[in-house]
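[1] Quick one: sequence plus predicted model below, questions after.
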Amino acid sequence: MKFSIGGSLKLAFRPWVEGLENIPAEGPAILASNHLSFSDSFFLPAVLDRKVTFIAKAEYFTSPGVKGKLTAAFFKGVGQLPVDRSGARGAGEAAIKSGIEVIERGELFGIYPEGTRSPDGRLYRGKPGGLARVALATGAPVIPVAMIDTEKIQPPGKVVPKLMRPGIRIGKPLDFSRYQGMDGDRFILRSVTDEVMYEIMKLSGQEYVDIYATAAKRQIADAEKAAKESGKAADKAAKAEKAEAEKAEAAKAEKAKGETGAE
């Protein structure tokens, strides 16, 4: 199913790729990519000969009904791995465990260091948990990947994608084996993550923002909420002003009418 989906995507969207030679023909590796669109997890596997395993919410695989079964089949077909987000530390620990298992099988593991999709097309600070911990626990090379223009194909909230060519740039493998076993050192985790994000930035050409994408989304949501509330307040004030003006005009007309009657 992976090949049929990948073939259909390549035929319909004709993605261009640079750096395919940096993907090893065999053996484990971590593909660390920027994250612009829901479709990123489909386009990258589509252009590779090897299977890439990404993680996805377990809910995608357990939803009831025909739609749920079709969704589960689709995600399995493109190499998505269900992760249970319950528990004390949620998705983070589950993702790390799943990533290590994929690497230990000698396969390719795909991960988005930003932790969530970019809200505005810029590149955000990488989270030092999943990527670095999997890399340091396994010694697997990290291959930086840049997705290009996928946010234009399927912006957040859009179900039907726009037919246009996305791009994929694959960088040279990064070796962090010198830090293997040091996955408990938060300074090492930060350093590894920042080095990977720098390589992704060079590949993608994105503007880098040194805050987490989740924080940026909160800021955007708060700004939109404030703007909405400000708009409501302005509308309310305008209505009150209009009502006062109408009241004053009515009073003026009534006064004029009385004066005319007196004459």
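    Nice, thanks for sending it over.
[2] Quick one: residues in contact with stretch 181-195.
    113, 126-129, 131-133, 135-137, 142, 174, 176, 179 (C-beta atoms under 8 Å, 6 or more residues apart in numbering). Every residue, glycine included, has its C-beta placed from N, CA and C.
[3] same deal with stretch 13-23?
    Residues from elsewhere that reach stretch 13-23, judged by C-beta under 8 Å, 6+ apart: 9, 29, 43, 46-48, 50, 108, 143, 153, 163-173.
[4] so what's the residue nearest the centre of the chain up against?
    Nearest to the geometric centre of the chain sits R117, at 1.5 Å (C-alpha atoms, centre = their mean). Neighbouring residues of R117 by C-beta under 8 Å, 6+ apart: 35-38, 151, 156, 213.
[5] out of those residues, which are inside helices?
    Within these, residues falling in helices by DSSP state H are 151, 213.
[6] In the contacts of R117, which has the lowest confidence score?
    Least confident by pLDDT among the contacts of R117: that is P156, with 66.
[7] Mind giving me the packing neighbours of the helix or strand encompassing E254?
    For E254, the host element (DSSP states H and E) is helix 213-262. Using 3 or more C-beta pairs under 8 Å, 6 or more residues apart in numbering; DSSP states H and E, no helix or strand is in contact with helix 213-262.
[8] farthest pair in the contacts of R117?
    Spanning the widest gap among the contacts of R117 are F38 and A213, at 14.4 Å by C-beta to C-beta.
[9] For the two, work out which one has more neighbours and name it.
    More neighbours surround A213 than the other of F38 and A213, with 24 against 18 (other C-beta atoms under 10 Å).
[10] State the distance from that one to E114.
    Distance, A213 to E114, using C-beta to C-beta, to the nearest Å: 5 Å.
[11] which residues in this structure form helices?
    Under DSSP H, the chain gives helices at 2-13, 40-46, 59-62, 65-77, 90-104, 130-138, 150-153, 186-204, 213-262.
[12] Identify whichever of those lies nearest to G121.
    Nearest of the helices of the chain (C-beta to C-beta): helix 150-153, 5.5 Å.
[13] Brilliant, that's me finished.
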